[in-house]
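Engineer: The following block contains a protein sequence and its predicted model.
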Amino acid sequence: TRWGRGQAGGARSGVARVLVGLLGCSLLLATPAAADPSELGQWSPLVNWPISATHAHLLPTGKVFFFGEFEEGAEAPRIWDPVTETVTALPPPPHNIFCTGHSYLADGRMLLTGGHVNPHEGLPHTVIFDPITYSWEHVPDMNDKRWYPTNTTLPNGDVVVVSGETTGAGTSNALPQRWEAATGSWKNLSTALKPLPYYPRMFLAPNGKLFCAGTLRPSFYLDPEGTGTWFESALSLFGPRAY
C-alpha cells in the first residue's frame, strides 16, 4: 500500500502510542508489590544450634528433628520448636544413628536404617522414632550393615532401603529390602541385587516404581513389587556425581 506523508506520520504516531502504552504496562508489571511474609516467607535472624544438623526432618507437629555426629551423652538428637525458638535434647537412641537413611511411615513415625561405627562402616540396625512421645523403638535388623543408605516411602506406607556401605569405602550392601509396615518386618528384594554408591538419589515415580537418578551416570527404575526388578533408564550427559 502506498501511503501519503500524512498517513505515514499518523501511522508512526499511532505505533509510538502503542509502544509507550506497552512499555507503561510492562513497568507496572515489573514493579514489585509489597511482599507479604505470610505468603512469600521471610528470613529470620541467625539461629545458633548446638550441633550440626547433618540430618533434619520437619515433623508432623511442626517442630524440626535434627542430629549430627553422635557421641554418647554429648550429641544426642535435638528438637527445635520454631514457635518458642527453643532447642530440646532428646533421649539417646539405642545406637549411633549418624549416617542413617530415614523416611516417614504412614502414621507419622520415622524409620531410620543403618548407622555409624566408623567412616564407611555401618550398622544393620533399624529404629523407629515417635515424634509425639519422643521415644525410640528398636525393630528387626536388616540383612547386613548400611552406612548412608537411602530410604524411600511407598504409597502404601512401606519403605524400601537400598545401598549403604558395610565394612569400608566402596563396599556396598547390594540387597534392597522392603520394610512391610503391616507385619513390622523386612522383605528381601532378592532378584534386585545391585551394588550402588551410598546415598543413591531415589524418588517415587508416578508409575509406582522408584527412580534412581544418581550418583552413577546411568539411571534406573526399581520395581519394588514381588522380589524386585531393576530396569535401566537414560544416561546423564556427564559423568557420575558423588555426594
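Structural biologist: All right, it came through fine.
Engineer: so where do the helices sit in the chain?
Structural biologist: 5-30, 37-40 (DSSP state H).
Engineer: weakest of those by average pLDDT?
Structural biologist: When the helices of the chain are ranked by mean pLDDT, helix 5-30 comes last with a mean of 47.
Engineer: what about the residue nearest to Pro197 when sequence neighbours are not counted, distance to Leu193?
Structural biologist: Once flanking residues are discounted, Pro197 sits nearest to Thr215: 5.1 Å by CB to CB, 6 or more residues apart in numbering. Just so you know, the C-beta spots here come from the backbone N, C-alpha and C atoms, and that holds for glycine as well. In this view, Thr215 and Leu193 are 18 Å apart by CB to CB, to the nearest Å.
Engineer: For Arg146, give the beta-bridge partners.
Structural biologist: Per DSSP bridges, the residues bridged to Arg146 are Leu123.
Engineer: what about it, how many neighbours?
Structural biologist: Per other CB atoms under 10 Å, the neighbour tally for Arg146 reads 31.
Engineer: Low-confidence ranges, the chain, go.
Structural biologist: Low-confidence segments of the chain, defined by pLDDT under 70: 1-33, 70-75.
Engineer: switch to 50 and redo it
Structural biologist: Counting by pLDDT under 50, the chain shows low-confidence ranges at 1-13, 15-28, 31, 73.
Engineer: just to revisit the earlier point, wait, the residue nearest to Pro197 sits on Pro200?
Structural biologist: Yes: counting by CB atoms under 8 Å, Pro200 is a contact partner of Thr215 at 6.5 Å.
Engineer: Who has more neighbours out of those two?
Structural biologist: Neighbours per residue (other CB under 10 Å) separate Thr215 from Pro200, with Pro200 holding more: 23 against 18.
Engineer: any idea how far Leu189 is from that one?
Structural biologist: From Pro200 to Leu189 the distance is 14 Å (CB to CB).
Engineer: Gly208 now?
Structural biologist: 14 Å.
Engineer: quick one, which of these two is more surrounded?
Structural biologist: Leu189 (24 against 13).
Engineer: which residues sit in contact with that one?
Structural biologist: Val160, Leu175, Pro176, Gln177, Arg178, Leu222, Pro224, Thr227, Gly228 (CB atoms under 8 Å, 6 or more residues apart in numbering).
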